[in-house]
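1. What would the 3D arrangement of this be:
(chains A and B)
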Amino acid sequence: MSGELILVVEDNEKNRVLFRDILQARGYRTLEVETGEDALVLLQNERPDLILMDIQLPGKDGIIITKEIKGNVDTKDIPVFALTSYAMKGDKGRMMEAGFDSYLSKPIKVMEFLRTVDDFF
Amino acid sequence: MEVTEVKREIDRVHMSFPEITDIYVADMEGEQIARTGTEELENVSKIWSFQVTRGGDELFSDIYLKPATSEPMQTITLSVIENSTVVGVLSADISFKRVMLSVMDIDVGKNVNVVVIASNGRVVAHTRIQQVPELDLSRSPVVEEVLAGQEGTMKGYTDELRRQVLGSYMPIRELGWGVLIQRPLADIDAEVGQLKTTIILVTIASIVLSVLAGWLMSRQITKPVHQLASASERVAQGDLSTWIEVKSSNEVGVLADSFNKMIVSLKKSRDELQQWGEELESKVHERTSELEKRSQELTDTNIRLKEMSRHKSQFLANMSHELRTPLNSILGFSEVLQEKMFGELNEKQEEYVNYILESGQHLLSLINDILDLSKIEAGKLEIEMGNVRIRDLLTNSLTMVKEKALKHGIEPSLKLEDGIPDIYADERKLKQIVFNLLSNAVKFTPDGGKVGIEAFREDEHIRVTVWDTGIGIKEGDKGKLFKEFQQLDSGADKKYQGTGLGLALSKRLVELHHGRIWVESGAGKGSRFSFTLPIREEI
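-> Below you'll find the predicted structure:
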């Protein structure tokens, strides 16, 4: 909790606010974007310590975006946590391949979620 | 001399046409004056057919079975008329043995049988039974239908081979006969495709049979007709003088007339048969196309149903995602408030936030239940088998409901057999079952009551029982209990509302483990829900 920077990729506005507020209350710095494409643009200039990636996103989904992040030498070392709600058929396999560092299921339990993030650092 | 002539003609017809087994000519007193073969002449005055025909009628008997050889037979009896006066009787026995043998030769496929039934319900021919005597099917509902002139299909009756069958039937109206094609239901249930095969098979069999039967029948009757016709012609033309000469000898002098009479009536039969054959053929065509249409409809419906089921699964998956997104906010923000991350709440606010959180969690468990049920239905629920420590699992489950129970003054108890073995099961699913039963027990038990959980080994199974001293279940409601969306009516007291899904899901989950779940209860007597699971079984 020494002010690590966390990028939240989440298309739902209220959920974005929720992640932002609880992480900031915990002492983290945050960046939030609505789409995976925005995340890629942002990563050209920013180097977050952790990315929280929603899976169902408009445009390219979280799995594809994560593959691209992990496939790029500049960004491949940034840890990415998947935020999954119910996985569609076949998503599980795709998610395993994408290279996520951890999986968190939605709806989250706030305190458990924060503990998981804390434990990571 | 004249009698010898008649005898010779009769014998010649008999030799040429084995279908005709016996011919005789009798006078008005019933004394046979000529008969085929070496049979002794008899007096037939007591025989019904003689008595009827003697009055001037012609008679086509019902199909009967010849006692000695068990062949299906028919007797045609005609009066011999001279100058509008009956002077004697001519009778011929015709055998349908060939029809019988031909039907037995039809290859309609394994387990399928074709039955030809005469108007009295007796079997004329059967693909699987050689000895048709005594086989009287007149009481069978399907035979009653077909002999009443109906055609159609009947499902699920017991046939003469004591099988549950699907039968198609078609009357042979002109003869008052019927044809049945029967196939065991067990063979049909498999697939729609299979059904189509059956339909086609049955249709082909009908065509074959109708053509064959028509051919045989006309052959059997028309040939002797021609034979008799030419015989009578020859008698009439070649030896006319003889005939005229012996005209006074009453028995023989009128034989030509009776032959002619027989020709006319046999011709009529032949025409009728031909007509029947054509009619039947067109009916078969009609039926074939109708059946093909129906089969196509079934295939279409099947495709549509599969598509609908796929859409349903996709819909549920999408819906589940869509519902979880707002739930993440509802549950997340209310937890943030409950945890007082951004400051204190007053008492009312705290109470309400707890309600929001509880309701949100309830909603989430509903979504999960619906999703699990739909996955089980689609056969897509994956179970992850492993070693499960029953003691730990039950203790954990009890802990999960303990807080809520204590709040209502209910003290939950746990009773375990010493040394209860581990079992091979899906731990998460098992926990779901136990938790579900326990939360029901707490929910339906009034404040200050008792709930408990017990586990014992029973041979190769363990048996887990969750009991309570709650409101219990009426006898009539027990059947509904484990069905989806069949929540019991708890009367005006809306206190006891559940989801209507928990027990249905538990039942499915227990069954996925090859176990059994049941309830013992009475209204006001509390309930005991028990389930068994195999201790070690690879699923």
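2. Which parts of chain A are helices?
-> With DSSP state H, the ranges of helices along chain A come out as A:13-25, A:36-43, A:62-70, A:91-98, A:110-120.
3. any idea of the mean pLDDT in the first one?
-> The reference is to helix A:13-25. Model confidence over helix A:13-25, given as mean pLDDT, is 95.
4. Keeping just the C-alphas, turn it into CSV.
-> Taking C-alpha atoms only, helix A:13-25 is exported to CSV below (Å, rounded to 0.1, in the frame of the first residue of the first chain):
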residue,chain,number,x,y,z
GLU,A,13,-19.5,3.3,-15.1
LYS,A,14,-20.7,2.4,-11.7
ASN,A,15,-18.4,-0.5,-11.4
ARG,A,16,-15.5,1.7,-12.5
VAL,A,17,-16.4,4.1,-9.7
LEU,A,18,-16.6,1.2,-7.2
PHE,A,19,-13.1,-0.1,-8.1
ARG,A,20,-11.6,3.3,-8.2
ASP,A,21,-13.0,4.4,-4.8
ILE,A,22,-12.2,1.2,-2.8
LEU,A,23,-8.7,1.0,-4.3
GLN,A,24,-8.1,4.7,-3.6
ALA,A,25,-9.5,4.4,-0.1
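5. What number of residues are in the vicinity of B:E460?
-> 10 (other Cβ atoms under 10 Å in any protein chain shown). Just so you know, the C-beta spots here come from the backbone N, C-alpha and C atoms, and that holds for glycine as well.
6. and the gap between it and B:F444?
-> The gap separating B:E460 from B:F444 is 32 Å, by Cβ to Cβ, to the nearest Å.
7. For burial, what's the neighbour tally of B:L90?
-> Neighbour tally, B:L90, other Cβ under 10 Å: 25.
8. Output the contacting helices and strands for the longest helix seen in chain B.
-> The longest helix of chain B (DSSP H) is helix B:255-338. Using 3 or more Cβ pairs under 8 Å, 6 or more residues apart in numbering or on different chains; DSSP states H and E as the contact test, the elements touching helix B:255-338 are helix A:13-25, helix A:110-120, strand B:72-82, strand B:85-95, strand B:164-172, helix B:192-238, helix B:347-377.
9. Now do the third one, average pLDDT.
-> Taken as a whole, strand B:72-82 carries a mean pLDDT of 76.
10. Could you tell me the least trusted of the helices and strands packed on helix B:255-338?
-> Across the helices and strands packed on helix B:255-338, the lowest-scoring stretch is helix B:192-238, with a mean of 46.
11. Let's see the pLDDT reported for the most centrally placed residue in chain B.
-> Nearest to the centroid of the C-alpha atoms of chain B, with distances taken as Cα atoms, centre = their mean, sits B:G156, at 3.3 Å. pLDDT recorded at B:G156 is 79.
12. How far off centre is the lowest-mean-pLDDT helix or strand in chain A?
-> When each helix and strand of chain A is scored by mean pLDDT, DSSP states H and E, helix A:91-98 comes last, with a mean of 74. Centroid separation between helix A:91-98 and its chain, computed with Cα atoms, centre = their mean, to the nearest Å, is 15 Å.
13. closest one to B:G343 among the helices of chain A?
-> Of all these, helix A:13-25 sits nearest to B:G343, with 10.8 Å by Cβ to Cβ.
14. ok, the nearest residue to B:K525 once chain neighbours are set aside - contacts?
-> Leaving out its chain neighbours, the residue that sits closest to B:K525 by Cβ to Cβ, 6 or more residues apart in numbering or on different chains is B:G472, at 4.7 Å. Contacts for B:G472 (Cβ atoms under 8 Å, 6 or more residues apart in numbering or on different chains) come out as B:S521, B:G522, B:A523, B:G524, B:K525, B:G526, B:S527.
15. Quick check: the gap between B:I473 and chain A.
-> 33 Å (Cβ to the nearest Cβ, to the nearest Å).
16. same check, this time on B:K66
-> Relative to chain A, and taking Cβ to the nearest Cβ, B:K66 is found at 69 Å.
17. Spatially central residue for chain A, please.
-> Centre-nearest of chain A using Cα atoms, centre = their mean is A:L52, 1.5 Å out.
18. quick one on the thing from earlier: contacts only, for the residue nearest to the centre of chain B.
-> B:G156 neighbours (Cβ under 8 Å, 6+ apart): B:Q164, B:V165, B:L166, B:L185.
19. Now with 6 Å, please.
-> With contact taken as Cβ atoms under 6 Å, 6 or more residues apart in numbering or on different chains, B:G156 is in contact with B:Q164.
20. So it belongs to a strand, correct?
-> Yes: according to DSSP: H, G, I helix; E, B strand; the rest coil, B:G156 belongs to a strand.
21. doesn't B:G343 make contact with A:A25?
-> No: counting by Cβ atoms under 6 Å, A:A25 stays clear of B:G343, with 10.8 Å between them.
22. So between these two, which is more surrounded?
-> A:A25 (14 against 6).
23. Name the nearest residue to the more buried one, ignoring sequence neighbours.
-> Nearest residue to A:A25, sequence neighbours excluded (Cβ to Cβ, 6+ apart): B:M341, at 5.1 Å.
24. burial of the one you found, as a residue count?
-> Count around B:M341 with other Cβ under 10 Å applied: 15.
25. Get me the contact residues on chain B for chain A.
-> Within chain B, the positions lying close to chain A (Cβ under 6 Å from any Cβ of the partner chain) are B:317, B:320-321, B:324-325, B:327-329, B:331-332, B:335-336, B:341.
26. Swap in 10 Å and give it another go.
-> Residues of chain B lying close to chain A by Cβ under 10 Å from any Cβ of the partner chain are B:313-314, B:316-336, B:338-339, B:341-342, B:360-361, B:363-364, B:367-368, B:371, B:378, B:380, B:382.
27. hmm, which of these are the buried ones?
-> Buried members of these, counted by 16 or more other Cβ atoms under 10 Å in any protein chain shown: B:313, B:316-317, B:320-321, B:323-325, B:327-336, B:338, B:360-361, B:363-364, B:367-368, B:371.
28. all helices of the stretch 351-500 of chain B, in order?
-> B:390-407, B:427-443 (DSSP state H, counting those that start in this stretch).
29. how far off helix B:390-407 does the shortest one point, in degrees?
-> Computed by axes from the mean of the first three to the mean of the last three Cα atoms, to 10 degrees, the angle separating helix B:427-443 from helix B:390-407 equals 30 degrees.
30. For helix B:427-443, could you pull out the residues that count as buried?
-> Per 16+ other Cβ under 10 Å, helix B:427-443 contains these buried residues: B:427, B:429-443.
31. so B:R162, which of the three states?
-> Taken by three-state DSSP, the conformation at B:R162 corresponds to coil.
32. Model confidence at it, what's the number?
-> What the model reports as pLDDT for B:R162 is 82.
33. so how far is stretch B:505-516 from its chain's centroid?
-> Relative to its chain's centre, stretch B:505-516 lies at 30 Å (Cα atoms, centre = their mean).
34. could you say what helices and strands the helix or strand encompassing B:D22 packs with?
-> Assessed by DSSP states H and E, B:D22 sits inside strand B:20-27. Applying 3 or more Cβ pairs under 10 Å, 6 or more residues apart in numbering or on different chains; DSSP states H and E, we find strand B:20-27 packed against helix B:2-16, strand B:32-35, helix B:48-54, strand B:72-82, strand B:85-95, helix B:192-238, helix B:250-253.
35. How about the backbone phi and psi for A:K109?
-> The phi/psi pair for A:K109 (degrees, to the nearest 10) reads phi -100, psi 120.
36. list the contacts for it?
-> Contact analysis of A:K109 by Cβ atoms under 10 Å, 6 or more residues apart in numbering or on different chains lists A:R115, A:T116, B:L331, B:G332, B:E335, B:Q361.
37. what's the answer for B:L438, then?
-> By Cβ under 10 Å, 6+ apart, the neighbours of B:L438 are B:394, B:397-398, B:400-402, B:404-405, B:412, B:451-453, B:466, B:468, B:529.
38. Report the buried members of the residues you listed.
-> The buried subset of those - by 16+ other Cβ under 10 Å - is B:L394, B:S397, B:L398, B:V401, B:A405, B:P412, B:V451, B:G452, B:I453, B:V466, B:D468, B:F529.
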